[in-house]
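Engineer: Quick one: sequence and predicted model below, then my questions.
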Amino acid sequence: MRYPLVLASASPRRQQLLQEAGYEFEVVAPPVSEPPAPARAVLRPAAWAEALAYFKARSVAGLRPQALILAADTLCLHGQTIIGKPRDLAEARRILSEQFGGRNEVITGLALLLPARGERLLTHVVTTLIMRPMSPAELEAYLASGAWQGKAGAYALQEGGDRFVQAMAGSASNVVGLPLEKVEELLGRFGGEQGREVERDA
């Protein structure tokens, strides 16, 4: 029996990454709003990211019970502080001015569900970035560009944020929002041809 791949995300960046990697999939945005990331979660940051990815995947499972559902959630960690998506311009300015420079970890939780068989896989990927601080002029220009909107940590490598990166260790696509290397590995565990059309024994 074949199971179509569903991406449980409204993120155009994740959709583009998956398309460019050659995957065939349907997009179904989670019908519920995700809770905001706490500054200091009771769970470990990686566990929090996995929990949110699972929350998204489960919310779509009832809509596509015969599909293989992929969901992801990305957050940034600066020191011991979890940084999610800024709610507005003021919060983006605070994040970028106070927490941008130095060492940051980008953590993406991944959830892969196959409701028809009651199967699930949860994991996460961490990429470490060393960032240089923005000058006041660079900060204001970046805020004016709007590139901070909808981005964990208030910046995006693919929209000019890469010029502030001094060093990177780990998956670059993870920083954009979807670690393709790990996605391919997870889909491979379900026996699919690179996840393009996943097949399981009935």
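Structural biologist: Okay, I see it.

Engineer: Is it correct that Glu140 falls within a helix?
Structural biologist: Yes. In this structure, Glu140 lies within a helix as judged by DSSP: H, G, I helix; E, B strand; the rest coil.

Engineer: For it, grab the count of nearby residues.
Structural biologist: Residues within reach of Glu140, counting by other C-beta atoms under 10 Å, total 13. Where C-beta positions appear, they are placed from N, C-alpha and C, glycine not excepted.

Engineer: measure it to Glu181 for me?
Structural biologist: Distance of Glu140 to Glu181, computed by C-beta to C-beta, to the nearest Å: 36 Å.

Engineer: cool, and Ala152?
Structural biologist: Counting by C-beta to C-beta, the separation of Ala152 from Glu181 is 19 Å.

Engineer: One more: Leu121?
Structural biologist: The gap separating Leu121 from Glu181 is 15 Å, by C-beta to C-beta.

Engineer: Equivalent analysis for Phe190, please.
Structural biologist: Using C-beta to C-beta, Phe190 is found at 16 Å from Glu181.

Engineer: Mind checking which of the two has more residues around it?
Structural biologist: Phe190 (18 against 13).

Engineer: doesn't Leu112 make contact with that one?
Structural biologist: Yes. With contact defined as C-beta atoms under 8 Å, Phe190 reaches Leu112; the gap is 7.4 Å.
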